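>>> next input, structure requested:
(chains A, B, C, D, E and F)
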6 protein chains.
Amino acid sequence: MSRLTHLDEQGRATMVDVSDKAVTTREAVAAGRVRMLPQTLKLILEGGHKKGDVLAVARIAGIQAAKRTHELIPLCHPLMLTGVRVELTPNEADSCVDIEASCKVSGQTGVEMEALTAASVAALTLYDMCKAVDRGMVIEAVQLVEKQGGKSGHWRREDEQ
Amino acid sequence: MSRLTHLDEQGRATMVDVSDKAVTTREAVAAGRVRMLPQTLKLILEGGHKKGDVLAVARIAGIQAAKRTHELIPLCHPLMLTGVRVELTPNEADSCVDIEASCKVSGQTGVEMEALTAASVAALTLYDMCKAVDRGMVIEAVQLVEKQGGKSGHWRREDEQ
Amino acid sequence: MSRLTHLDEQGRATMVDVSDKAVTTREAVAAGRVRMLPQTLKLILEGGHKKGDVLAVARIAGIQAAKRTHELIPLCHPLMLTGVRVELTPNEADSCVDIEASCKVSGQTGVEMEALTAASVAALTLYDMCKAVDRGMVIEAVQLVEKQGGKSGHWRREDEQ
Amino acid sequence: MSRLTHLDEQGRATMVDVSDKAVTTREAVAAGRVRMLPQTLKLILEGGHKKGDVLAVARIAGIQAAKRTHELIPLCHPLMLTGVRVELTPNEADSCVDIEASCKVSGQTGVEMEALTAASVAALTLYDMCKAVDRGMVIEAVQLVEKQGGKSGHWRREDEQ
Amino acid sequence: MSRLTHLDEQGRATMVDVSDKAVTTREAVAAGRVRMLPQTLKLILEGGHKKGDVLAVARIAGIQAAKRTHELIPLCHPLMLTGVRVELTPNEADSCVDIEASCKVSGQTGVEMEALTAASVAALTLYDMCKAVDRGMVIEAVQLVEKQGGKSGHWRREDEQ
Amino acid sequence: MSRLTHLDEQGRATMVDVSDKAVTTREAVAAGRVRMLPQTLKLILEGGHKKGDVLAVARIAGIQAAKRTHELIPLCHPLMLTGVRVELTPNEADSCVDIEASCKVSGQTGVEMEALTAASVAALTLYDMCKAVDRGMVIEAVQLVEKQGGKSGHWRREDEQ
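Numbering: from 1, shown residues only, chains lettered A, B, ... in the order given. Model (predicted):
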């Protein structure tokens, strides 16, 4: 049966040894969203039409967090991201902001955690900036959308379901 | 109408000046969960009965992240947490791990972001440790459960709904 | 004769012991500017009318750097900033962007270094975002403008000159 | 007309995707200086003849800051510096300390920001250590002196002027 | 029987809640030493008579590490050190460098870990700078020497033995 | 005579330029131990039989510290560790916990400092978690055990002695 790779034979946490893995181009896309009251989204949109600072701050926080993933997630390898993109799209139909983060690297480990961390921290930042008017916001559906590269190759959420 | 406190009159991001706020005891509880395949949860539980390292690593990562919240969330104030608690509870009924994080401080700003960040990073760490067997896991329902202290006083999610 | 406070009697670097200093409200304002080609400033201004992201990113970077001053400046004390404000003002007359950063704390040490660090990192970020079109930009006049609080009291640059 | 590379078509901040750039040897030299009162420089020089700790601390702070550039400058890529050198030269003629920082890497992005950050933080550290005797010091002329490697090739400030 | 304070009733790691502890002045002194070949010590001493940079770098690294203790030690509380002192004394009789670090704070938790971390990182830095000539150096006797303040009051190693 | 590589001709600290060094697979193993009272070790072992959290926390702290070595040790190069392993073994015969840390990288510099830092921080974390019951614990024998790769090739402590 499949074993958790981050535990050794005694069940102890280890940082997986990737020394012998091939250096390939790897890419991952993660998503998430922050559900909020319609009036909160309206405030963001109004600001957004003028200066967009709420979304800008969240976007930058997400990009920066991607670079620090290996500090936050104990068993992640450090790696040199070659590209990070974070997009926040106000979604009035569902009264939420949709977040999509993608990361790229040429390396020996994947960048799924970097993309997920970017999406999570962008969501948290959005929460921070709006919490004074809407404490009940919920971060939802933080998940991997797609990944490419590495031994396991291409994976896409929709193919699974 | 209510304005976003982290934007000034021109819509520019600012770090709210809390110099004149009272120092009070503040506490916040946040929750979240990682939904996964039943067999993934089974692997964690089996490990958990022996060494518990998956849950231990996630718990520690959450505690450490709480302390770095002000580095991750651009407009958060630095503060000196006096207590952080992160609990991860395997939930076989819903095929998920439930996460609850609580933070305490005696200071001029609340600790909602610290609790939410702890819950998020614990969830991300869980994802990291299990992703080799279950790439489709989803982080859900990251939200504030309760807060106390400060000018806005006591808030509880259930009272809202 | 006056001695450098950060060196002990043997000339060795020390972190000044502030244990016995009074906790007072302290504030500091620092300035700086990035001189650039007129066409570079024009590009920023055009962006600025629409989304303002160049100035927004620099502003956020400055705020975040203020919080990390004690990590960057070896003998600085950690402190809990209660407020940080960073303003960037395009100045067409002098073909530069003027930067002003102010920090507040209630503590035992001043916040001059935090304000100067915020101004410097905002300037560096501006350079980063425009360097592809204008490698020759110069960061100038990074200096303390005013400080208040603490034993040395009020100081203002203009009073000196 | 030339566009700012760190903004996408909508004017939003992005981290430039360098995945397809060639790995070349890159080097950058930046300069800066801290102008001060003659008696402040004299104190540094006296200390310098004995232990040199003021200049040593600033030199080390500059080296360390170069390594953290990607944490400070939001859209900078992480990279693995292969060499950093920071030199501080007391200049009695101009009553200042001249700073020169150079960084090297074998990678896909240049190291201009690393060299500029090293020079800036060395300057800030110098300010910190002398501020008790000379609050009016000014950090000036922080600028790129020369760069090599990458698609844009060799650039030298003096060739421009 | 005495229980480990950092484990809860289920043996899980927790960050001890210090919210109700009194704010008192706390101080801790830690020691350590790096044993090396006599010729390695001689090289340090020769450098030391001129510029002292080996000992200066180690001293600064120790001071900086003290400030980051809560990032390194998972269950340590963040705190605002009011003073850090690191001393390195070449000891020819025992062919080692003796290290002593002391930290002060006015807070709710002790600073033993900060002093021990400062001593350890100063020792590691010394190792780093001399490893090219003496790979066999050993870091020894890293231990608490004395502490004051807090509920447990004054403790001195020599009184114990 | 052999010179310290981290000092230039004037005795000033520098970060050694490794640009021209070959990229080779490098590995280092470091050791250390924490000596304690027999009853302290017993408490750890009892916890260890159930949840093992004391050793788990120390192991994770050691792994995380390895990744941050270049931030702690001023003249260390940043590098991308491909594997980190930290083992803590209770040793009842000597009333201590033995620590062994090993690091791997494919790069231009060795990973001795990373392994030594991992061992030191694991030891400090162990101290932190047990200090309430045994303040007199001592960290001992932190040393390099073996290294491979790079120009200097294979080195083993036992071969030296």
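
>>> now the one residue sitting closest to the centre of chain A, nearest residue through space, not along the chain?
The centroid of chain A falls nearest to residue A:116 when counting by CA atoms, centre = their mean (2.5 Å). Excluding the flanking residues, the one nearest residue A:116 by CB to CB, 6 or more residues apart in numbering or on different chains is residue A:30, at 4.5 Å. No exception for glycine: its C-beta is placed from N, CA and C like everyone else's.

>>> how deep is that neighbour tucked in, by neighbour count?
For residue A:30, the neighbour count with other CB atoms under 10 Å in any protein chain shown is 31.

>>> beta partners of it?
residue A:101, residue A:144 (DSSP bridges).

>>> distance check, it against residue A:85.
According to CB to CB, to the nearest Å, residue A:30 stands 11 Å off from residue A:85.

>>> what sits in contact with each of the two?
The contact sets of residue A:30 and residue A:85 overlap at A:101, A:102 (CB atoms under 8 Å, 6 or more residues apart in numbering or on different chains).

>>> returning to what we had before: need the contact list for the residue nearest to residue A:116.
A:100, A:101, A:102, A:112, A:115, A:116, A:118, A:119, A:142, A:143, A:144, A:145.

>>> could you redo these as a markdown table and give each row pLDDT?
Formatted as a markdown table, the contacts of residue A:30 follow (pLDDT from 0 to 100):
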| residue | pLDDT |
| --- | --- |
| A:100 | 98 |
| A:101 | 98 |
| A:102 | 97 |
| A:112 | 97 |
| A:115 | 98 |
| A:116 | 98 |
| A:118 | 98 |
| A:119 | 98 |
| A:142 | 98 |
| A:143 | 98 |
| A:144 | 98 |
| A:145 | 98 |
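
>>> nearest to chain C among those residues?
For the contacts of residue A:30, the minimum distance to chain C (CB to the nearest CB) is 15.5 Å, reached by residue A:118.

>>> secondary structure element holding that closest one?
Assigned by DSSP states H and E, residue A:118 belongs to helix A:112-130.

>>> show me the shaky parts of chain A.
Scanning chain A for pLDDT under 70 picks out the ranges A:1-3, A:47-52, A:161.

>>> repeat the analysis, applying 80 as the threshold.
Within chain A, the segments meeting pLDDT under 80 span A:1-5, A:9-11, A:47-52, A:159-161.

>>> please report phi then psi for the residue of it found nearest chain D.
Here the residue of chain A nearest chain D is residue A:83; by CB to the nearest CB that distance is 3.4 Å. Per-residue torsions, residue A:83: phi -170, psi 140 (degrees, to the nearest 10).

>>> need phi/psi at residue A:68.
The phi/psi pair for residue A:68 (degrees, to the nearest 10) is phi -110, psi 10.

>>> quick check: closest non-adjacent residue to whatever residue of chain A ends up closest to chain C.
For chain A and chain C, the shortest gap (CB to the nearest CB) falls at residue A:56, measuring 4.6 Å. Excluding its sequence neighbours, the residue lying closest to residue A:56 (CB to CB, 6+ apart) is residue C:56, at 4.6 Å.

>>> can you give me the strands for chain A?
In chain A, the strands defined using DSSP state E lie at A:24-35, A:83-91, A:96-107, A:138-148, A:155-156.

>>> quick one: name the residues of chain A near chain D.
A:25, A:52, A:56, A:59-60, A:63-64, A:67-68, A:78-85, A:104-106 (CB under 8 Å from any CB of the partner chain).

>>> if we go to 10 Å?
For chain A, the contact set with chain D under CB under 10 Å from any CB of the partner chain comprises A:25-27, A:52, A:55-56, A:59-61, A:63-64, A:66-68, A:70-71, A:78-88, A:102-106.

>>> enumerate every residue touching the residue of chain A closest to chain D.
Residue A:83 makes contact with A:27, A:63, A:66, A:102-105, A:111, D:14-20, D:77 under the criterion CB atoms under 10 Å, 6 or more residues apart in numbering or on different chains.

>>> one more: residue A:23?
Here residue A:23 is in contact with A:105, A:106, A:107, A:108, A:149, F:106 (CB under 10 Å, 6+ apart).

>>> again with residue A:78
Counting by CB under 10 Å, 6+ apart, residue A:78 touches A:67-71, A:107, A:109, D:78, D:80, F:66-68, F:70, F:78-82, F:105.

>>> hmm, try it at 7 Å
A:70, F:67, F:80, F:81 (CB atoms under 7 Å, 6 or more residues apart in numbering or on different chains).

>>> same check, this time on residue A:123
Contacts of residue A:123 by CB under 7 Å, 6+ apart are A:32, A:34, A:99, A:139, A:142.

>>> what separates the closest residue to it other than its chain neighbours from residue D:94, distance-wise?
For residue A:123, ignoring the flanking residues on the chain, the nearest one in space by CB to CB, 6+ apart is residue A:139 at 4.5 Å. Look at residue A:139 and residue D:94: by CB to CB, they are 55 Å apart.

>>> try residue A:99
Using CB to CB, we find residue A:99 at a distance of 51 Å from residue D:94.

>>> neighbour count winner among the two?
residue A:99 (28 against 11).

>>> is it true that the more buried one touches residue A:33?
Yes. The pair residue A:99 / residue A:33 is scored as a contact, 6.0 Å apart, by CB atoms under 7 Å.

>>> I figured residue A:8 hits residue A:14, correct?
Yes. Between residue A:8 and residue A:14 there is a contact at 4.9 Å, judged by CB under 7 Å.

>>> count residues in the vicinity of the closest residue to residue A:107 other than its chain neighbours, would you?
In this structure, residue A:107 finds its nearest non-sequential neighbour in residue A:79, 4.8 Å apart by CB to CB, 6+ apart. Using other CB under 10 Å, residue A:79 is surrounded by 24 other residues.

>>> contacting residues for residue A:79?
Contacts of residue A:79 by CB under 7 Å, 6+ apart are A:105, A:107, A:109, F:80.

>>> pop out the phi and psi values for residue A:136.
Residue torsions, per degrees, to the nearest 10, at residue A:136 are phi -90, psi 0.

>>> ok, it - contacts?
B:157, B:160.

>>> how near is it to residue B:150?
In terms of CB to CB, residue A:136 sits 17 Å off from residue B:150.

>>> burial check on the closest residue to residue A:61 other than its chain neighbours, number of neighbours?
Closest residue in space to residue A:61, ignoring its immediate chain neighbours: residue A:125 at 4.0 Å, by CB to CB, 6+ apart. Residue A:125 has 29 neighbouring residues, counting by other CB under 10 Å.

>>> now do the contacts for residue A:125.
A:57, A:58, A:61, B:73, B:74.

>>> one more time with 8 Å
Neighbours of residue A:125 in contact, by CB under 8 Å, 6+ apart: A:57, A:58, A:61, A:62, B:73, B:74, B:75.

>>> please spell out the ChimeraX selection for the buried subset of the contacts of residue A:79.
Listed next is the ChimeraX selection for buried residues among these, using 16 or more other CB atoms under 10 Å in any protein chain shown:
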select /A:105,107,109 /F:80
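
>>> of the contacts of residue A:79, closest to chain B?
Using CB to the nearest CB, the contacts of residue A:79 come closest to chain B at residue A:109, 10.8 Å.

>>> give me the number of residues near the closest residue to that closest one other than its chain neighbours?
Using CB to CB, 6+ apart and skipping residues adjacent in sequence, the residue nearest residue A:109 is residue A:77, 4.8 Å away. By the measure other CB under 10 Å, the count of residues near residue A:77 is 22.
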